[in-house]
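Enquirer: got a predicted model here, sequence first, then my questions.
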Amino acid sequence: MSVELNHTIVHARDNRESAAFFADLLGLEITGEWGPFVAVALSNGVTLDFATVPAEHITPQHYAFLVSEAEFDAAYAKISERGITHWADPHQKQPNEINRNDGGKGIYFLDPSEHAMELITIPYGGWPA
């Protein structure tokens, strides 16, 4: 068996709020709840398991998601409609812009627990030849 990422735990101020925010934004579904976790499954079988922890225990992380152009456009429309601040760069110097890195589209924004989320339509360095 090859090594694959199966799931990761995402610390949140409110596990349901963060899972719902993420699932709604990307057109995904909450796929399970057990113990302290609310899971959202990605198309490659990996789940993000959101867990409520005290705010002082949350270390902001970076999560990058490769999405199709249609998924990007749908998510971007929701981000714009909801007035969610976003940036073209990870240093938050280009507010409310989209980057065009590697010929695709990309943005950064914060989730309800202030994790840095990134959406890109082309992987860094472009698609392999």
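Expert: Structure's in. What do you need? Residues are numbered from 1 along each chain as shown.
Enquirer: and stretch 53-72, what's buried?
Expert: Across stretch 53-72, burial judged by 16 or more other CB atoms under 10 Å covers 53, 58, 66-67, 71-72. Every C-beta, even on glycine, is put in place using the N, C-alpha and C of the backbone.
Enquirer: one more: stretch 105-121?
Expert: In stretch 105-121, counting by 16+ other CB under 10 Å, buried: 105-109, 111, 113, 115-121.
Enquirer: the residue nearest in space to the middle of the chain: what's it in contact with?
Expert: In the chain, the centroid-proximal residue (CA atoms, centre = their mean) is M117; its distance is 4.4 Å. M117 is in contact with 22, 63-65, 108-111, counting by CB atoms under 8 Å, 6 or more residues apart in numbering.
Enquirer: what do you get for M1?
Expert: Contacts of M1 by CB under 8 Å, 6+ apart: none found.
Enquirer: ok, now F22?
Expert: Per CB under 8 Å, 6+ apart, neighbours of F22: 28, 40, 48, 50, 111, 117.
Enquirer: could you export these as JSON lines, including distance to W34, pLDDT and secondary structure?
Expert: Formatted as JSON lines, the contacts of F22 follow (distance: CB to CB, whole Å; pLDDT from 0 to 100; DSSP: H, G, I helix; E, B strand; the rest coil):
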{"residue": "L28", "distance to W34": "18", "pLDDT": "97", "secondary structure": "coil"}
{"residue": "V40", "distance to W34": "13", "pLDDT": "98", "secondary structure": "strand"}
{"residue": "L48", "distance to W34": "14", "pLDDT": "98", "secondary structure": "strand"}
{"residue": "F50", "distance to W34": "12", "pLDDT": "98", "secondary structure": "strand"}
{"residue": "D111", "distance to W34": "21", "pLDDT": "97", "secondary structure": "coil"}
{"residue": "M117", "distance to W34": "24", "pLDDT": "98", "secondary structure": "strand"}
